[in-house]
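Visitor: The following comprises the amino acid sequence and a computationally predicted model.
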Protein chains: 2
Amino acid sequence: MRIIIDAMGGDDAPAAVVDGCVAAVRDMDVDLILVGREAAVRQELKRCGYHGDRIEVVNAEEVIEGEDDPMTAIRQKKDSSMRVALSLLRHGQGDAVVSAGNTGALIAGATLMIKRIRGVRRVALAPIMPTTSGCFLMVDAGANAECTPAFLKQFAIMGSIYMEKIMGCKNPRVKLVNIGTEEEKGTPLVVETHKLLKKTPVRYEGYIEARDIPVGGADVVVCDGFTGNVILKFMEGMGMAFYDMLKGIFLKNLFSKLAAGIVRGGLKSLKKTMDYTEYGGAPILGAAKPMVKAHGSSNGKAFYHAILQAKKLVENHLIEIITDNIQKYGVDTRECEEADE
Amino acid sequence: MRIIIDAMGGDDAPAAVVDGCVAAVRDMDVDLILVGREAAVRQELKRCGYHGDRIEVVNAEEVIEGEDDPMTAIRQKKDSSMRVALSLLRHGQGDAVVSAGNTGALIAGATLMIKRIRGVRRVALAPIMPTTSGCFLMVDAGANAECTPAFLKQFAIMGSIYMEKIMGCKNPRVKLVNIGTEEEKGTPLVVETHKLLKKTPVRYEGYIEARDIPVGGADVVVCDGFTGNVILKFMEGMGMAFYDMLKGIFLKNLFSKLAAGIVRGGLKSLKKTMDYTEYGGAPILGAAKPMVKAHGSSNGKAFYHAILQAKKLVENHLIEIITDNIQKYGVDTRECEEADE
């Protein structure tokens, strides 16, 4: 198996990316193609003491920055590491792509260059996020600010498959974000999607209110990308806020510092639990080939996990399974079209 | 000043309500009308040892429950404490209403019975929520699942006035929730509202991403009621999740319990900081008379604060100031109508 890596994507690229890649070829049966500024990438490989033949480097001079407009960047930066990586994937030079770069550009690249699985209306960004008791998949976390019921129905199908086949969650509970649990509550989008999902062969368990998400109320949380992105970022912000407040409490005086020493291990694991970057990357569900978005702040370890995840997508034939299921249950039925109107 | 109280609203009504009321008449220059099952209310007053003449009791036999459908309940339960309380307010028997009952029913009652301030298109629920450095007002937190740019423009004006006149926040920073900070990012609702708000005489500082909300990125956070309700409930859920995890850390063994003892005060104040029920009730902005929604789980102290808040609304002429400003800046200009289309 050969995985294509955007070596220049992420806050600490290419160093963190190369760290993760070197660890990956050491532990896993994968070959990697690193796309980016060749001299810089080779220097990092040298720093890591890697001299093997499982990592190939393909030069690309440009870099898509975080601040770049996604659509413009993916269209115009033709020699960017992300675009060249996607081009290699498109032309069958590798089995999957991993990038920690500009999320919007990667999503645009998925649609424009890799294309969608036949019948899939929109690709979705689906990060794994932590709960007190485990984790859940959120789909969509921001690829589509505006959605229709038919999009959300497909997100539920794809998310359910991902949680089952890749995350090993048996018969995952799928729920739809709403502001109440009564049938007729919420926006027309939510009410219509609710009707569609009841007839979809996933384990749909109805609405979920946001307060039940952090305590593990669902395995797959379905929502439009605006809502999903708000939840994702609010969780990030709350995590930071809490941690800062805890720090304030523990750094107050000598005694509190002593207390901090006693529970240090627990606090570290709490921080880890609430840090969704620990859970590897987010698949771009619905793209015709396996694509993983690693978090922008990925360190070597996080990037390693994102590669592992890409490997699982390939090994477990995620694309083929989604293709089958979308054909069977997810394509434009009359219901979907009516619901979309 | 006379404040009308829905004595049967809230999880611990009428006991908690009466606790708050008795404390209020002791400390503040207010008279209260408690509406609810007279025998039960009088029994609670007796329990509190209250024999004064500043609390009047008006009998109402029915109770609107949390599970009741809001619109049906407010229309059909004619002898419910909430409806009778609103009827008294409508007929000038008091200056404001406080209720910890069914939020949806109270909002429906605001529109149907109290009516909106002239020119106001929708009333909004506007709770004060905590940040690491203080608090912010969120408007709308769930009264309107679907909004137009013109609604949000009025929410910004009303929220700004509330933060300045009632909360004493000088020249409050108003921001609009979005999933990025670039101009053209987000849904059409957000993009159009952004254009309107730039021309509105509030201190509008553009978009805010959800991650910046808990650290005090804005004083007034404007969003549709679906998004606002998701944020409100997610904050509640994250708070509980965090606290449970902390508990787990501290109850682990004898040493960790010792550590807990040392930082107990700090942890308590952290819990208090993140508990938005500590911040009194939420005004229903845009209603033609002062209305405060106390949190359903209010204890006596929280209810006391909600009464104090209602008193401030009256004393500071909130309704009059909002009326003036909506007339001047918030009514149907052509911009609003275009943006709504």
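Guide: Perfect, thanks for sending it.
Visitor: could you pull out the strands for chain A?
Guide: A:2-6, A:31-36, A:55-59, A:96-99, A:124-125, A:128-130, A:135-139, A:173-177, A:203-208, A:220-222, A:282-285, A:291-293 (DSSP state E).
Visitor: Between strand A:31-36 and the third one, find me the angle.
Guide: Yep, that's strand A:55-59 we're talking about. 30 degrees (axes from the mean of the first three to the mean of the last three CA atoms, to 10 degrees).
Visitor: and strand A:55-59, what does it pack onto?
Guide: For strand A:55-59, the packing partners by 3 or more CB pairs under 8 Å, 6 or more residues apart in numbering or on different chains; DSSP states H and E come out as helix A:15-27, strand A:31-36, helix A:38-47. Glycine gets a C-beta too; all of them are placed from N, C-alpha and C.
Visitor: Go again with 7 Å.
Guide: Strand A:55-59 sits against strand A:31-36, helix A:38-47, with contacts defined as 3 or more CB pairs under 7 Å, 6 or more residues apart in numbering or on different chains; DSSP states H and E.
Visitor: Listing partners with orientation, what would you give for it?
Guide: strand A:31-36 (parallel) (DSSP bridges).
Visitor: Let me see the mean pLDDT of the partner strand.
Guide: Taken as a whole, strand A:31-36 has an average pLDDT of 98.
Visitor: again, but for stretch A:224-237
Guide: Model confidence over stretch A:224-237, given as mean pLDDT, is 95.
Visitor: Flag every buried residue along that stretch.
Guide: A:224-237 (16 or more other CB atoms under 10 Å in any protein chain shown).
Visitor: Keep those residues, but drop any that are not near chain B.
Guide: With CB under 7 Å from any CB of the partner chain as the criterion, those include A:F226, A:T227, A:N229, A:V230, A:I231, A:K233, A:F234, A:M235, A:E236, A:G237 near chain B.
Visitor: you'd agree the last one is up against B:I213?
Guide: When you say that, I think you mean A:G237. Yes - in this structure A:G237 lies within contact range of B:I213 using CB atoms under 7 Å: 6.0 Å.
Visitor: Same list, the ones next to chain B among the buried residues of stretch A:224-237, but as a markdown table with distance to B:K252 please.
Guide: As requested, those are exported to a markdown table (distance: CB to CB, whole Å):
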| residue | distance to B:K252 |
| --- | --- |
| A:F226 | 40 |
| A:T227 | 36 |
| A:N229 | 36 |
| A:V230 | 34 |
| A:I231 | 30 |
| A:K233 | 31 |
| A:F234 | 29 |
| A:M235 | 25 |
| A:E236 | 27 |
| A:G237 | 28 |
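Visitor: Mind checking which of those are in helices?
Guide: A:F226, A:T227, A:N229, A:V230, A:I231, A:K233, A:F234, A:M235, A:E236, A:G237 (DSSP state H).
Visitor: so where's the stretch 201-341 of chain A uncertain?
Guide: A:274-279, A:332-341 (pLDDT under 70).
Visitor: So which bits of it are right by chain B?
Guide: So the stretch 201-341 of chain A meets chain B at A:209-215, A:226-227, A:229-231, A:233-238, A:240-242, A:244-245, A:249-250, A:252, A:255-256, A:258-259, A:262-263, A:266-267, A:270, A:273 (CB under 7 Å from any CB).
Visitor: what about burial for the residues you listed, which qualify?
Guide: Buried residues within those, defined by neighbour count using 16+ other CB under 10 Å: A:209-214, A:226-227, A:229-231, A:233-238, A:240-242, A:245, A:249-250, A:252, A:256, A:259, A:262-263, A:266-267, A:270, A:273.
Visitor: Just grab the bridge partners of A:R116 for me.
Guide: A:A287.
Visitor: Next, the nearest residue to A:G134 once chain neighbours are set aside: phi, psi?
Guide: In space, and not counting its chain neighbours, A:G134 is closest to A:G216: 5.9 Å by CB to CB, 6 or more residues apart in numbering or on different chains. A:G216 adopts backbone torsions of phi 80, psi 30, taken as degrees, to the nearest 10.
Visitor: For A:G216, the count of nearby residues, please.
Guide: Using other CB atoms under 10 Å in any protein chain shown, A:G216 has 16 other residues around it.
Visitor: thought it was touching A:S133?
Guide: Yes - under the criterion of CB under 7 Å, A:G216 makes contact with A:S133 at 4.1 Å.
Visitor: List the residues that contact A:I326.
Guide: A:I117, A:G119, A:V120, A:Q154, A:I157 (CB atoms under 7 Å, 6 or more residues apart in numbering or on different chains).
Visitor: Quick check: the gap between the second one and chain B.
Guide: In this case it means A:G119. Plainly put, A:G119 is 25 Å away from chain B if you go by CB to the nearest CB, to the nearest Å.
Visitor: And the first one, by the same measure?
Guide: In this structure, A:I117 and chain B are separated by 25 Å, where distance is defined by CB to the nearest CB.
Visitor: likewise the third one?
Guide: Counting by CB to the nearest CB, the gap from A:V120 to chain B is 22 Å.
Visitor: ok, now the fourth one?
Guide: According to CB to the nearest CB, A:Q154 and chain B sit 20 Å apart.
Visitor: which residue sits closest to that residue, ignoring its sequence neighbours?
Guide: Nearest residue to A:Q154 in three dimensions, chain neighbours excluded: A:G330, at 4.7 Å (CB to CB, 6+ apart).
Visitor: How many neighbouring residues does that neighbour have?
Guide: Neighbours around A:G330, by other CB under 10 Å: 25.
Visitor: That one and A:F155 touch, don't they?
Guide: No - taking contacts as CB under 7 Å, A:G330 lies outside contact range of A:F155: 9.6 Å.
Visitor: quick one on the thing from earlier: mind checking which of the contacts of A:I326 are buried?
Guide: By 16+ other CB under 10 Å, the contacts of A:I326 give A:I117, A:G119, A:V120, A:Q154, A:I157 as buried.
Visitor: Next up, phi/psi of the closest residue to A:G228 other than its chain neighbours, please.
Guide: Of all residues not flanking A:G228 in the chain, A:A141 sits nearest, at 4.2 Å (CB to CB, 6+ apart). Backbone torsions of A:A141, given as degrees, to the nearest 10, read phi -100, psi 20.
Visitor: hey, what's the spatially most central residue of chain A bridged with?
Guide: For chain A, A:A282 is the residue whose C-alpha lies nearest the centre (CA atoms, centre = their mean; 1.2 Å). Counting by DSSP bridges, A:A282 is bridged to A:K293.
Visitor: Spit out the contact partners of it.
Guide: A:L125, A:A126, A:P127, A:A141, A:K293.
Visitor: Next to chain B in this structure, residues from the stretch 51-200 of chain A, please.
Guide: A:T132, A:G142, A:A145, A:E146, A:V177, A:I179, A:G186, A:T187.
Visitor: The fifth one contacts A:I208, correct?
Guide: Read it as A:V177. Yes - judged on CB under 7 Å, A:V177 makes contact with A:I208 at a distance of 5.9 Å.
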